[in-house]
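Novice: Predicted coordinates and the sequence they were generated for:
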Amino acid sequence: DVPHHAQRACETALAMEARLAELNGVWKAEAEAEGRPHIPVNMGIGLNTGVATVGNFGSTQRLQYSCLGDEVNLASRLEGLCKTYVVAVIVGENTWRQAADFAMVELDLVMVKGKTKPERIYAVVGDAAMTQRLEYQTLVDRQAAFLLLYRTGSFAECLPVIEECAEAAKS
C-alpha cells in the first residue's frame with residue numbers, strides 16, 4: 001500500500017505525458033533534419049483505484065509478476081478508451097474522488113465489458129494549479145453544458161457546444 005497512491009498516479013501520468021511531448025519534439029526535429037515525415041507517438045493511460053491482488057503468479061515453469069482484479073480490469077478498459085475520447089489520461093470515479101485536487105473534466109458515463117453498472121469517467125488535464133485558471137473553469141462549464149444537452153437527447157443543440165469545448169480545451 002502506498003500513501004496517496006491516486007494522487008501519485010495522476011502526477012506520474014502527467015509527467016509521462018509531458019515527457020512524451022518533449023520526446024516528440026526531439027523526434028520531429030530529427031525527422032525534419034533527415035528529410036522524412038514525423039509520425040508522433042501518442043499514449044493512453046487508464047487509472048483506477050481499488051483493491052487488487054499483486055505479486056508473482058504462475059508456476060515454477062513460468063512465473064510472472066502481475067496484478068489482478070476487477071479494478072485492474074477497469075483501468076485497462078479506461079486505457080483503451082483514450083483513443084476514442086482523444087485524451088492521454090482517463091480515470092475512473094474512485095480515482096477521481098481520491099485525487100480531487102487535480103484538474104479533471106468529466107467525459108462520459110460508459111458501460112465497460114465485465115461491469116453491470118456504468119462508470120463515470122474523467123480526463124486528467126492538469127495539476128492542482130490548473131484548477132485555479134479561468135480557462136480550466138471555462139472548459140469544465142462548457143463540458144458540463146455539453147453533457148447535459150447530450151444526455152437529454154438535445155443533439156442538434158450539442159453541436160455548437162462541442163465547438164466551444166474544443167476551443168476551451170486549446171487554452
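Specialist: Done, it's in.
Novice: now the helices for this protein?
Specialist: For the chain, applying DSSP state H gives helices covering 5-33, 70-85, 93-98, 134-151, 155-170.
Novice: Mind listing what's buried along the shortest one?
Specialist: The one in question is helix 93-98. 93-96, 98 (16 or more other Cβ atoms under 10 Å). Just so you know, the C-beta spots here come from the backbone N, C-alpha and C atoms, and that holds for glycine as well.
Novice: one step back: save the helices of the chain as a markdown table, and put in mean pLDDT and distance to residue 111 too.
Specialist: Below are these laid out as a markdown table (pLDDT from 0 to 100; distance: least, Cβ to Cβ, whole Å):
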| stretch | mean pLDDT | distance to residue 111 |
| --- | --- | --- |
| helix 5-33 | 97 | 23 |
| helix 70-85 | 94 | 10 |
| helix 93-98 | 96 | 14 |
| helix 134-151 | 94 | 14 |
| helix 155-170 | 88 | 20 |
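Novice: To residue 39, which of the ones you listed lies closest?
Specialist: Residue 39 lies closest to helix 5-33 among the helices of the chain, at 8.1 Å (Cβ to Cβ).
Novice: Just want the angle from the closest one to helix 70-85.
Specialist: 40 degrees (axes from the mean of the first three to the mean of the last three Cα atoms, to 10 degrees).
Novice: I'd like to know which elements helix 5-33 is packed against.
Specialist: Helices and strands touching helix 5-33, by 3 or more Cβ pairs under 8 Å, 6 or more residues apart in numbering; DSSP states H and E, are strand 45-47, strand 89-91, helix 93-98, strand 119-126.
Novice: quick one: which of the buried residues of helix 93-98 is nearest to residue 69?
Specialist: So of these, ranked by how close each gets to residue 69 (Cβ to Cβ), first place is residue 94, at 12.5 Å.
Novice: Can you tell me, leaving aside adjacent residues, what's nearest to the closest one?
Specialist: Leaving aside its chain neighbours, residue 94 sits nearest to residue 49 (4.1 Å; criterion: Cβ to Cβ, 6 or more residues apart in numbering).
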